[in-house]
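Peer 1: I'll drop the sequence and a predicted model, then ask my questions.
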Amino acid sequence: MMIETSLPDSVERVLLDEATIQQRVREMAAEISADYKGIRNEDFILVGVLKGAFIFMADLSRRLTVPHRVDFIALSSYADKADATGAVRMIMDTRTDITGRHVLIVEDILDTGYTLSYLQRVFKARQPASLKTSVILSKPDRRQVEVQVDYLGFEIPNVWVVGYGLDFADRFRTLPYIAAIKPSVYEK
Ligand code: XMP
Ligand code: MG
C-alpha cells in the first residue's frame with residue numbers, strides 16, 4: 001500500500017501542523033493536570049462532543065497525569081441544516097451521571113458559540129461540582145454569543161477547517177494537521 005505523504009488535492013493550506021498541535025495539547029494537558037491535582041478518578045469526567053472532538057479527546061486524555069473518566073455526547077449540527085439558527089439539540093447523552101462531579105467539556109471548535117452555550121446551560125442544570133470547557137480551536141470573528149472557555153488551543157481566522165477530527169461532509173477527519181480546504185471542494 002502506498003503511504004500518502006503529499007497534501008491531498010482538496011487542501012488549500014495547512015494552518016496548524018502536527019507538531020504545533022501536539023505541543024499545544026501537551027501544554028493544555030499540563031495546565032489541566034495542575035488545576036485538577038489530587039482529584040479522584042470517580043470525581044473527574046471528561047465529556048467529548050462527538051464526532052469532531054474525538055481525536056483531541058484521545059490526545060488530551062492520554063496526556064493528563066490526573067485520573068479521570070471519559071464520556072461522550074452527540075449534538076445536532078447546523079451543518080445538516082440550511083441555515084445557522086442557533087438551534088441545538090442533544091442526540092446522545094452521557095452514560096455517567098454528572099451531578100456532583102467535576103466536568104470538563106472537550107470540544108473541537110468554538111464558532112458562533114451556540115453549541116457550547118447550549119451544552120453549558122444543559123450541564124449546569126444538572127448541578128455538577130464544577131464545569132469547565134476546553135476547546136482546541138476558536139474563530140473569534142464568528143461569535144454570536146459569549147461563551148466561557150477555560151482552556152483554548154488556538155485562535156484561527158474565519159475559514160472552514162478540516163483535520164484533527166474536523167470534517168467537511170465527513171471527510172478529512174483523520175488528517176494529522178488542521179487545514180483550510182479549497183473553495184472548489186464546497187462548490188462540488
Ligand atoms: P458553533 O457555531 O455552535 O459551532 O460554535 C460549533 C460547531 O460547528 C462546527 N464547525 C466546524 N466544523 N470545521 C468543522 O469541521 C470548521 O471550520 C467548523 N466551524 C464550526 C463544529 O461541529 C462545532 O462543533
Ligand atoms: Mg462539533
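Peer 2: Ah, there it is. Numbers count the residues shown, from 1 in each chain. Ligands and ions are numbered 1, 2, ... in the order given.
Peer 1: And for the biggest helix by length in the chain, what's in contact with it?
Peer 2: Taking DSSP state H as the assignment, the helix of the chain that covers the most residues is helix 18-35. Identification of contacts with helix 18-35 by CB atoms under 8 Å, 6 or more residues apart in numbering yields 56, 59-60, 63-66, 104, 134, 136, 151, 153-154, 164, 176-178. In this view, the C-beta of every residue, glycine as well, is placed from N, C-alpha and C.
Peer 1: residues from the chain in reach of ligand 2?
Peer 2: Contacts of the chain with ligand 2, taken as CB under 5 Å from the ion, map to 52, 108.
Peer 1: Pull out the buried positions in the helix or strand of the chain with the lowest mean pLDDT.
Peer 2: The helix or strand of the chain with the poorest confidence is helix 183-187; it has a mean of 82 (mean pLDDT, DSSP states H and E). Within helix 183-187, the residues scored as buried using 16 or more other CB atoms under 10 Å are Val185.
Peer 1: I'd like the distance from that helix to the chain centre, please.
Peer 2: 24 Å (CA atoms, centre = their mean, to the nearest Å).
Peer 1: Check which helices and strands it is in contact with.
Peer 2: For helix 183-187, there is no helix or strand it packs on, judged by 3 or more CB pairs under 8 Å, 6 or more residues apart in numbering; DSSP states H and E.
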